[in-house]
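Student: Sharing a sequence plus its predicted fold:
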Amino acid sequence: MSKQRVMFSPVTRLSGLLSVDVMLENGRVTEANASGTMFRGYEWIMRDRHVTDAVYLTQRICGICSLSHGAVASYLLDELYDNELEDNAQYLRNIMFAADFLQNHIKHFYLFSLPDFIKMPERPPFHGQNPADTRLNPEDNQRLAGHYFEAVKAAQESHQILALFGGKAPHQHSFVHGGVTVAPTADKIEQALALIGNISEFVKSRMVPDTELITRVYSDYFRIGITPWQFLSFGLFRFGAKNEMFLWRSGVLADGQLYPPQLALISEDITSSWFDKTGAEEIKPDPFKPGAYTWVKSVRYAGRYFQVGPLARMIINGFYKGGTATMDRIYARTLETLLLTELVQEWLKDLKPSHPPVNQKSTPVKKEVTAVTDAMRGALLHTALIEDEKVVKYNIITPTVWNFSPKDGHGGRGPLENALVGTEIPGQDMLFTILGRTIRSFDPCISCATHLLDCKGSVKAKVVY
Amino acid sequence: MQKEEFSQICRELSSGSNHALSGAILPVVEEHLAFHNKKKLPVIWLETNDSGDNNIAFMNTTYPYLGRVFTEMIDLLYSNTFMAAQGRGALSILEQVSETYKGKFTLIVEGAIPKKDNGLYNAIARTETRFITALEAVTRLGEMAEYVVAIGTCASFGGPTAARPNLTGSAGVRDVLDREVINVSGCPVNPDWFVGTLAHLLMYGRPDLDKLGRPTLFYGFTVHRHCQRRSYFDNKDFAKKLGDIECMFSLGCMGPRTSADCPYRQWINHVSWPVKANTPCIGCTNEDFPDGSSPFFTPMPKKSTGKESGKNTSSQGGAKL
């Protein structure tokens, strides 16, 4: 077989718009270019605004992980204004954050990933599915298809917990700098406990066994879509009056060693991205740039690429002992979901019914702050430079920029592109099926990759973590 | 059920688990379709420049839950988010169904349309040789559709995507199509507003619209009119900080000039809404959101005007205070 170029577009069942351009040679993928095809420019949108707008406005970057942006912006403002957090505020924040994780992970597995492995009913929106390589027996297949809409309800109940304390979802209102504006009253706690009970039941009786069934029947995917052991997490779930404690640790895992992340080692590259550096200080979008193929930039740590997301968190924290393949990413996400249901139940019991735990100070004590956390799909960073409470510059590095990095200036691929190269494609009809499984295992979200960077490419400010 | 009765249910001021709108819709739709020998609403859903929050919000619909919307109300023929087909298979479905259902399908657009540089800031798909931009896809499908529904504030008016400085020249769907667009605005949309609009289209056709093209069923009154804290406003008792129980006009609340029924309908199974969460309404259904609401925590008279966004904003849609 000779060389062949195939455009996989659109990659459906994800957030945002993604195309993947692949080169095939003798039934193997020899090159892959992941192309994010939407750009909005949030860092420009944030400029000249009051810095406290960041909590609400940056949530609009992404509808499925909106609270992550609200959270990291709140941590940033906490440091900027030198706020003191109450214990109740931290519990409530973490409950809301975890609830948003739950809806994301449940939707990812059932709505986005599962139709890669089972045969869906032949009606809209599932019509036209390519049934190649659906391996479950009819009874198992029907049972798992039936869980699709149960999953929608479980995800909705997760958002209901978030809305109980957060006012609405997506784009919640009450997780702001200084704490949480909603009082944890006994009735809300009881209602949330009932909801998390349902979700936990769903995760234990459906999601975990369903995932394990898929891992057994498609065990070859523990050998497909393998990435090197290069993982990064900024840590998750803060405690302490100054956000100083993490429940899940941060770390950079490389060459078999785990290091604390040093943000000064992060750099971004626009070689393959539709951006142009027009002046000494500024880059601009340029959709006509020759050789570029995506709106996503390349982000590197110490010059190397790193994979972020549930698998990275679970490995760095010692919760997962498996490998780094497509099925590991899927399995790790489900196991993380289970851990999160247990945490939410604990935290709800630790809440003390009281007043709204929010205390905002009104005068910034700093001019520049970088804050980090992990979002559902991996490491997330916000930096703000301000003057008189107005944003001069706002930088955002999202998880998608890590995982969906295009080629950098040295021609080095990002994690997804690396995972795809080398994949065996036994037949043409299997191409999209096989690639789709690996692509979705990264939980792509292209909405969040639509922004600009600090042209100097590195983050030098003081870090909150 | 007669149209008037349906409209009455939509506008009904109730909340909580006995909330009547969605619970009342489905049995009626089923009956209505059978009686009039009608079929489900054929829908093509395009995602353009937005955060995807509106399809996430749509998945939160309750009574009917999403499964029943899919099985009993609409045929979702194309959707980047939900469809099982992928790659070329998905694109050929789009080509095929837009021809088969020409003049009969409802086009739903989620997100703003970048107009600068021929719309290259958003491609809904690529072929080996070219980009299929949102601008091209919406223009072409918009001419073929029976109804065009813009879901969310980006699709309706440009929204956060078109916020200043609007590098991509993004605008709402109404600015790229020479036809009527039904704007179901919100950032995100409340699923009831959207599913209710679909039900109306299915049973009675086009709903009555306000000056901004929004169904009056849901946008007929301001948030302020039915706000639980209205008495504080009338008594001039204003909150001093977030978390206080008084009127939040002093903290930037946009309720007095924002049309939506949030105080009653509320969010996610009707459990809460921003003011109940002790935070100001930020006016997310408005034509000038977010620029006209920014800074969010500054009282209305001192906010920026939103004019610098370059968006073509007119006065709010004749809603009653």
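Tutor: Received the coordinates, thanks.
Student: How are the strands of the stretch 251-400 of chain A distributed by residue range?
Tutor: A:251-254, A:257-259, A:266-269, A:275-277, A:283-285, A:298-301, A:368-375, A:378-387, A:390-397 (DSSP state E, counting those that start in this stretch).
Student: Neighbours of the nearest residue to B:M144 once chain neighbours are set aside, how many?
Tutor: Once flanking residues are discounted, B:M144 sits nearest to B:K102: 5.0 Å by Cβ to Cβ, 6 or more residues apart in numbering or on different chains. Quick note: C-beta positions are derived from backbone N, CA and C, even for glycine. The number of residues packed near B:K102 is 13, by other Cβ atoms under 10 Å in any protein chain shown.
Student: how about B:K102, secondary structure?
Tutor: Secondary structure assignment for B:K102 (DSSP: H, G, I helix; E, B strand; the rest coil): coil.
Student: Close to chain A: what parts of the stretch 151-300 of chain B are there?
Tutor: B:159-161, B:163-165, B:167-168, B:170, B:187-188, B:241-243, B:267-269, B:271-279, B:282, B:284, B:290, B:294-298 (Cβ under 8 Å from any Cβ of the partner chain).
Student: so of those, which ones are in strands?
Tutor: Within those, residues falling in strands by DSSP state E are B:S170.
Student: Drop anything exposed from the residues of the stretch 151-300 of chain B next to chain A.
Tutor: With neighbours counted by 16 or more other Cβ atoms under 10 Å in any protein chain shown, these contain buried members at B:159-161, B:163-164, B:167-168, B:170, B:187-188, B:241-243, B:267-269, B:271-279, B:282, B:284, B:290, B:294-298.
Student: ok, how many other residues are close to A:E389?
Tutor: A:E389: 15 surrounding residues under other Cβ under 10 Å.
Student: ok now do it, which residues does it touch?
Tutor: By Cβ atoms under 8 Å, 6 or more residues apart in numbering or on different chains, the contact list for A:E389 reads A:H50, A:V51, A:T52, A:P364.
Student: Distance-wise, check it relative to B:G252.
Tutor: For A:E389, the distance to B:G252 (Cβ to Cβ, to the nearest Å) stands at 14 Å.
Student: Now do residue 124, the pLDDT please.
Tutor: Picking chain A for this. A:P124 carries a pLDDT score of 96 in this model.
Student: try chain B instead
Tutor: Note on B:I124: pLDDT of 97.
Student: That one belongs to a strand?
Tutor: Yes - looking at B:I124 with three-state DSSP, it is inside a strand.
Student: Chain neighbours aside, what residue packs nearest to it?
Tutor: Closest residue to B:I124 apart from its sequence neighbours, by Cβ to Cβ, 6+ apart: B:A137 at 5.1 Å.
Student: what residues does the helix or strand the one you found falls within touch?
Tutor: Here B:A137 is covered by helix B:134-144, with elements defined by DSSP states H and E. Under the criterion Cβ under 8 Å, 6+ apart, residues B:44, B:46, B:48-49, B:98, B:102-103, B:105, B:107, B:109, B:111, B:113-115, B:118-119, B:122-124, B:148, B:173, B:176-177, B:179 lie in contact with helix B:134-144.
Student: Mind giving me the PyMOL select for the residues you listed, buried ones only?
Tutor: Of the contacts of helix B:134-144, the buried ones can be selected in PyMOL as follows, counting by 16+ other Cβ under 10 Å:
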select buried, chain B and resi 44+46+48+49+98+105+107+109+111+113+114+115+119+122+123+124+148+173+176+177
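Student: Which of the contacts of helix B:134-144 fall within strands?
Tutor: Per DSSP E, the subset of the contacts of helix B:134-144 in strands is B:I44, B:L46, B:L107, B:V109, B:I113, B:P114, B:A123, B:I124, B:V148.
Student: ok, the closest residue to chain A within the stretch 51-200 of chain B - contacts?
Tutor: Nearest to chain A, among the residues of the stretch 51-200 of chain B, is B:D53, at 2.6 Å (Cβ to the nearest Cβ). Counting by Cβ under 8 Å, 6+ apart, B:D53 makes contact with A:R60, A:C62, A:G63, A:I64, A:S66, A:P170, A:H171, B:G152, B:C187, B:P188.
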